[in-house]
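my questions concern the predicted model and sequence given below.
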Amino acid sequence: MADEQLQVSDKEEISGAEGEFTREGVYFTPPVDICEMEKEIVILADMPGVKSDGVDIELKEGILSIEGNIAASDVAGEELLTEYQKGNYFRSFRITDAVDGNKIAASLADGVLKVTLPKAEKAMPKKIPITTG
Amino acid sequence: MFQWGFRRDPMWAEFNRIQRNINDLARQMGTSVRSSIHPFWRTSRIFPLLNVVRTDVSYIVTAELAGISAEDLEIKVEGDTVVIKGERKAEDFGAEVSYHRRERTSGTFHRSLTLPTRVEADEVKANYVDGILTITLPIEKAAQPKQISVTAE
């Protein structure tokens, strides 16, 4: 894995067909990793340019939505090269697993949002001891 | 992107549709109107994608690089060329996990960019905040624009 060359992946813009955003600007779908552990589900989302006060996470009726709004940049000058577009991020997931909504934790580091969804007690796997005798 | 007028005229709706398609196609091909005007700046498809802005005194190169530690980034400047090298490491959660999705990529990258003029290599500054790398490259003194005052006698 380490020797693999990173390839350019285009940012996926969200079209207005799914319902427009009230805030003006371009919205992209952030790429995510979602992995499930014994006690929690962790979501990692790439949102470069977003500061912690620009993040909005909500779990409502089984839909977890994450939104990242980028801070306005103050670089002024002649644009010589524009290979990527800047924009906000939005993505939502239907959470089917039983998740304890009160214990959702989130952190943001180097443009990566990490959302930890602890599983509800009843959804935790229970070990059933087998007795021989 | 250019725009035709008469947006409300239904006759022009078809033209607007074609215009949108042309613009979409141009975007898909990784080109923009801008890069065809400036042949010097070919839009490349090498990671990371870069934006370059020129101010009076410097070039500002930015790249979106989420989830990289600053020590894994290497920036070199020589004359008019800047080289960005680095690695994005995969998050390690151990073996006991099951992945639902893996869309974030990891690996190494290496990109060099030639600027229109030489830069002051000693004064180049690189900054990595919130997943955005910003490199400020001061333009060599000899290449900076000079204000000529006009005298009238």
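The structure has been received and is ready for your questions.

longest strand anywhere in chain A?
Scanning chain A for the strand with the most residues, using DSSP state E, yields strand A:50-60.

what sits up against it?
Contacts to strand A:50-60, defined as CB atoms under 8 Å, 6 or more residues apart in numbering or on different chains, come from residues A:47, A:64-71, A:88-89, A:95, A:99, A:101, A:104, A:106, A:108, A:111, A:113, A:115, B:130-131. C-beta: built from backbone N, CA, C; applies to glycine.

pairing partners for that strand, with directions?
Neighbouring strands of strand A:50-60 in its sheet, by DSSP bridges, are strand A:63-70 (antiparallel).

name the residues of the partner strand that come out as buried.
By neighbour count on 16 or more other CB atoms under 10 Å in any protein chain shown, the buried set for strand A:63-70 is A:64, A:66-70.

secondary structure element holding residue 127?
All of this refers to chain A. Under the assignment given by DSSP states H and E, residue A:127 is not contained in any helix or strand.

hmm, no, I was thinking of chain B.
With DSSP H and E as criterion, residue B:127 is part of strand B:125-129.

after that strand, next one along is what?
Sequence-wise, the next helix or strand downstream of strand B:125-129 (DSSP H and E) is strand B:132-138.

avg pLDDT for that next one?
Taken as a whole, strand B:132-138 has an average pLDDT of 95.

now the element after the helix or strand of chain B with the lowest mean pLDDT, going C-ward?
Lowest on mean pLDDT, DSSP states H and E among the helices and strands of chain B sits helix B:33-37, with a mean of 49. Using DSSP H and E, the helix or strand that follows helix B:33-37 in sequence is strand B:50-54.

give me the angle between that next one and strand B:132-138.
Relative orientation of strand B:50-54 and strand B:132-138, computed by axes from the mean of the first three to the mean of the last three CA atoms, to 10 degrees: 30 degrees.
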